[in-house]
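1. any chance you can model this:
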Amino acid sequence: MEGFDDAVNGYFDVADQLSRYFLSRAERHFTEARTLKFSTTSRERFEARRARVREQFLSQLGGLPERLADSPVDVTGRIEHDEYSIELLTFESRPNFHVTANCYVPDDDGPHPGILFPCGHTNAAKADELTQKACIELARNGFVVLVFDPISQGERVQYVDSETGEPTFPQSGGVFAHCYAGQKCFYAGGNLARYVIHDARCALDYLTTRADVDDGRIGVTGASGGGVQTMYLALVDDRIDVIAPCCSVTDRREWLQTGNRIDAEQLVYGAITRGIDYDDFLIAHAPKPVCIGAAASDQYFPIEGVHEVAQRVRHVYGLYDAADRVTLTVADTTHCSVYELRDGVFDFLCDQLADREYEPHDDIQTLDESELHATPEGSVLASFSSERTIGDLVREFVEETTPDPATVSPDIDRGDANTDADANTDDFRQSLAEDLGIARDGCALHPRFVEGGEGSDENVAVERVWFKTERHPDIVVTGVLVTAPETTTESPAVVLYEDGTEELPARDEDVVALAHEYGTVFVFDPRGVGAVRNRAIPIHPWVEDYDDIYGTEFKLAYDAMHMESSLLGMRVFDVLRAVEFLRSETESDRVSFVGEGIGAYHALYAAVAETGTVDRVVLRGLGPSFVERSTRSDVPFRPQLTVFDVVGTYDVPQLTAALDQRGVTVEKESSR
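-> Predicted coordinates:
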């Protein structure tokens, strides 16, 4: 039994349809946001919007943790140099959750202006050679500079192999570990950024209380991921006087067109639909001075978007007669560090905070990474016997939002005790559909049966069909309809393999058996699966796995999250349209589902959302529930299941309970 040839057997080029779909959907939001921002002509309107953006941002993070009332800093070493010294130190941002840092201190007494230096995604983090050079250069120009290791970087590796003790995500600069932890946060309605920002604010607490620092002259600068942290801090912390984010600013529209990925802490759920762009983080700082550092050939943050954002920022600063406080410095290079932008950025920092001209130095000597370790073992996990991990903090967050995550209550009653059970299930179904983004109308299906696709095999009739589930923008889906003429079709089944019709003909025997069992089955490809799989998006070239962190499915899932949606929800919508097609073809009022792997999740959610009669749901190889995915450390990363805020509401236990209340048979099997 064959599936489809390329381009749906020559009927429709689907290789880029999901990429085109997201770009098309986003365009209206980009246009509306740009118009709104440039039409803001009063401080009052801007400040009202700024307050809304801050509130929405913090809400999508799951709020920020409380800062500890007493978090002593342990200075574990000091390295003396001419003109400056380096203090090696640790502090706790949460109980038994240590942050490792270096503080570069000028030799004279001060008080000095202070610089907080969040790191971008490099394995060495605070000990990265160019980061060291930047900190040394600033210290020699009179700044106290505090640089700290982000979660899963430097001395703060979080995931290690239990047998070898080696890092689970080596040589990824923290990216893979951040995305793995970030996925867990998404499930619980939070964001890894809540912990990243919290660490930075705790570092700022220390910096601003040092006796040799003037807390009225505080700046923050960082590049790439460190630049994003810089902007986040500007939005949530008023203690900062100037910011200089580098190689971290662009317009989301320009970014989306590149096919690039971002990291979990940089994904703000619904940012595109809500019109939240990089300029919103910068103008949160208005009217305090800001310097945007950029690279003319940055492969991650397009320069056109940098200029667009700078224009929007200057417009808002103009409301305060402060447009001259916005500086843009561009280096003729690719994505780079703060140090490589030093001429413009350090000029800005010296002018705004030190009241002196920047003095460059050519004789900068850096140290080996081990010399800058603040812990005895160069690892917080190895150095502190009671050290917790980011996984522990996420588990704690889940416990706060879900009373007992190990045994999530299957109770779906949202009314009083006397409410009819059918009304309860209808209420749950409607809420699920609305929150999953599937409570919307689709287009007329107009199914097309592929010429030459009809045939018979093992006493079954086989037809290949495609149709559109949405238009403007379009979504094409495919499926293989298999009928056993000698079996009465009372409850035809939608069959959802993890890789859809691509698994044919290897699934010949299984499909034939299912056809004889159900009478008619429809082996279906929702968007991006099987015959309508998106082409591999080769950015970044070092990512080879289509279905892993930073792969194509990861990219598409993050695009959906930006638009307050999910691939899971979109594919469930398509499955419901497949049910509509199958009912029409078989003239049956009833339907069943067979799902395997990721397809089992699609089957489960579709069965709950389906408004007609569902007889049976067979779940083969259904993976862990989302509460398990968010609290266990041994669960594989599955980008197809990137979805926001499902723990405790629309998780596997609640869905199976809802089907049970409707009298639907749910069978769980192992994969075949």
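2. mind listing what Arg471 touches?
-> Arg471 is in contact with Cys443, counting by C-beta atoms under 8 Å, 6 or more residues apart in numbering. No exception for glycine: its C-beta is placed from N, CA and C like everyone else's.
3. okay, now the unreliable bits of the stretch 301-450 of the chain?
-> Scanning the stretch 301-450 of the chain for pLDDT under 70 picks out 403-423.
4. so where do the strands sit in it?
-> 326-331, 448-449 (DSSP state E, counting those that start in this stretch).
5. start to end distance for stretch 605-613?
-> Distance across stretch 605-613, first residue to last, is 14 Å (C-alpha to C-alpha, to the nearest Å).
6. now that stretch: average pLDDT?
-> The predicted model gives stretch 605-613 an average pLDDT of 95.
7. can you list the buried residues in stretch 503-514?
-> Within stretch 503-514, the residues scored as buried using 16 or more other C-beta atoms under 10 Å are Glu503, Leu504, Arg507, Asp510, Val511, Val512, Ala513, Leu514.
8. for the stretch 201-350 of the chain, what spans make up the helices?
-> Remark: helices assigned in the stretch 201-350 of the chain by DSSP state H, counting those that start in this stretch are 225-236, 252-258, 278-283, 303-318, 342-349.
9. hang on, the earlier thing: out of the buried residues of stretch 503-514, who's nearest Ala658?
-> Nearest to Ala658 among the buried residues of stretch 503-514: Leu514, at 24.6 Å, using C-beta to C-beta.
10. once you drop chain neighbours, what's closest to the closest one?
-> Once flanking residues are discounted, Leu514 sits nearest to Val521: 4.8 Å by C-beta to C-beta, 6 or more residues apart in numbering.
11. could you look up the SS state of the one you found?
-> strand (DSSP: H, G, I helix; E, B strand; the rest coil).
12. on that earlier part again, and the buried residues of stretch 503-514, which of them are in helices?
-> Asp510, Val511, Val512, Ala513, Leu514 (DSSP state H).
13. give me the distance between the fourth one and Cys103.
-> Ala513 sits 68 Å away from Cys103, taking C-beta to C-beta, to the nearest Å as the criterion.
14. with the first one instead?
-> Taking C-beta to C-beta as the measure, Asp510 and Cys103 are separated by 63 Å.
15. shaky segments in this structure?
-> Looking at the chain by pLDDT under 70, you get 403-423, 452-457.
16. that one - how does it break down into domains?
-> 6-26+440-669, 57-399 (automatic domain parsing).
17. mind checking those for the one nearest to Arg429?
-> Nearest to Arg429, of the domains of the chain and by C-beta to C-beta, is domain 6-26+440-669 at 6.1 Å.
18. endpoint to endpoint, the closest one covers what distance?
-> Using C-alpha to C-alpha, the two ends of domain 6-26+440-669 sit 32 Å apart.
19. for stretch 488-497, same thing?
-> Stretch 488-497: ends 24 Å apart by C-alpha to C-alpha.
20. can you list the residues that contact it?
-> Residues from elsewhere that reach stretch 488-497 (C-beta under 8 Å, 6+ apart): 483, 503, 507, 511, 514, 517-524, 526, 530, 575, 578-579, 582-583, 585-586, 588, 590-597, 599-600, 602-603, 606, 615-616.
21. among those, which are located in helices?
-> 511, 514, 517-518, 575, 578-579, 582-583, 585-586, 599-600, 602-603, 606.
22. now a PyMOL select for only the buried ones of those.
-> Here is the PyMOL selection string for the buried members of these, based on 16+ other C-beta under 10 Å:
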select buried, resi 511+514+518+575+578+579+582+583+585+586+599+600+602+603+606
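23. any idea which of the ones in helices among the contacts of stretch 488-497 is closest to Val309?
-> His602 (38.0 Å).
24. quick check: the closest one touching Val572?
-> Yes: if you go by C-beta atoms under 8 Å, His602 and Val572 touch, sitting 5.8 Å apart.
25. overlap in contacts of these two?
-> Common neighbours of His602 and Val572, using C-beta under 8 Å, 6+ apart, are Pro526.
26. quick one: which helix or strand includes Gly648?
-> Counting by DSSP states H and E, no helix or strand carries Gly648.
27. surely it meets Thr401?
-> Yes: contact criterion C-beta under 8 Å: Gly648 and Thr401 qualify, at 6.4 Å.
28. more neighbours, these two?
-> More crowded of Gly648 and Thr401, by other C-beta atoms under 10 Å: Gly648, with 21 against 16.
29. distance check, the nearest residue to that one once chain neighbours are set aside against Val646.
-> Leaving aside its chain neighbours, Gly648 sits nearest to Thr402 (3.8 Å; criterion: C-beta to C-beta, 6+ apart). As judged by C-beta to C-beta, Thr402 and Val646 stand 11 Å apart.
30. more neighbours, these two?
-> Higher neighbour count among Thr402 and Val646: Val646, with 27 against 20, using other C-beta under 10 Å.
31. what sits against that one?
-> Residues in contact with Val646, defined by C-beta under 8 Å, 6+ apart, are Tyr187, Phe626.
32. pretty sure it is in a helix, no?
-> No: the assignment for Val646, made by three-state DSSP, is coil rather than a helix.
33. quick one: it from Pro636, how far?
-> For Val646 relative to Pro636 (C-beta to C-beta), the value is 18 Å.
34. and Thr230, by the same measure?
-> Thr230 sits 33 Å away from Pro636, taking C-beta to C-beta as the criterion.
35. roughly how far does the residue nearest in space to the middle of the chain sit from Glu254?
-> Taking C-alpha atoms, centre = their mean, the centroid of the chain lies closest to Ala264, which sits 3.6 Å from it. Ala264 sits 21 Å away from Glu254, going by C-beta to C-beta.
36. beta partners for Glu470?
-> On the basis of DSSP bridges, Glu470 is bridged to Ile475.
37. is it in contact with Cys443, as I believe?
-> Yes: with contact defined as C-beta under 8 Å, Glu470 reaches Cys443; the gap is 6.0 Å.
38. quick one: which of those two has more around it?
-> Using other C-beta under 10 Å as the criterion, Glu470 and Cys443 rank with Glu470 on top: 20 against 14.
39. look up how far Gly62 lies from the closest residue to Leu68 other than its chain neighbours.
-> Distances taken as C-beta to C-beta, 6+ apart place Glu92 nearest to Leu68, at 6.6 Å, with adjacent residues excluded. To Gly62, Glu92 is 20 Å away according to C-beta to C-beta.
40. what of Asp499?
-> Taken as C-beta to C-beta, the span from Asp499 to Gly62 is 34 Å.
41. again, but for Tyr358
-> 40 Å.
42. who has more neighbours out of these two?
-> Gly62 (22 against 18).
43. ok, now which ones touch the more buried one?
-> Cys185, Ala188, Gly189, Gly190, Asn191, Arg194, Phe397, Thr401.
44. and it, what are its phi and psi?
-> The phi and psi values for Gly62, taken as degrees, to the nearest 10, are phi 90, psi 20.
45. helix, strand or coil for the residue nearest to it when sequence neighbours are not counted?
-> Distances taken as C-beta to C-beta, 6+ apart put Gly190 closest to Gly62, at 3.0 Å, once the chain neighbours are dropped. At Gly190 the chain is in coil, as set by three-state DSSP.
46. can you count the residues close to Gly190?
-> Counted with other C-beta under 10 Å, the neighbours of Gly190 add up to 26.
47. now the strands for the stretch 51-200 of the chain?
-> 74-80, 84-94, 97-106, 112-118, 144-148.
48. from what I can see Leu432 touches Ala607, true?
-> No: using C-beta under 8 Å as the test, Leu432 is too far from Ala607 to be in contact (10.9 Å).
49. higher neighbour count, the two?
-> The residue with more neighbours, out of Leu432 and Ala607, is Ala607; 29 against 23, by other C-beta under 10 Å.
50. if I look at that one, how far off is Val664?
-> Ala607 is 7 Å from Val664, by C-beta to C-beta.
51. what residues are shared contacts of these two?
-> Val614, Val617.
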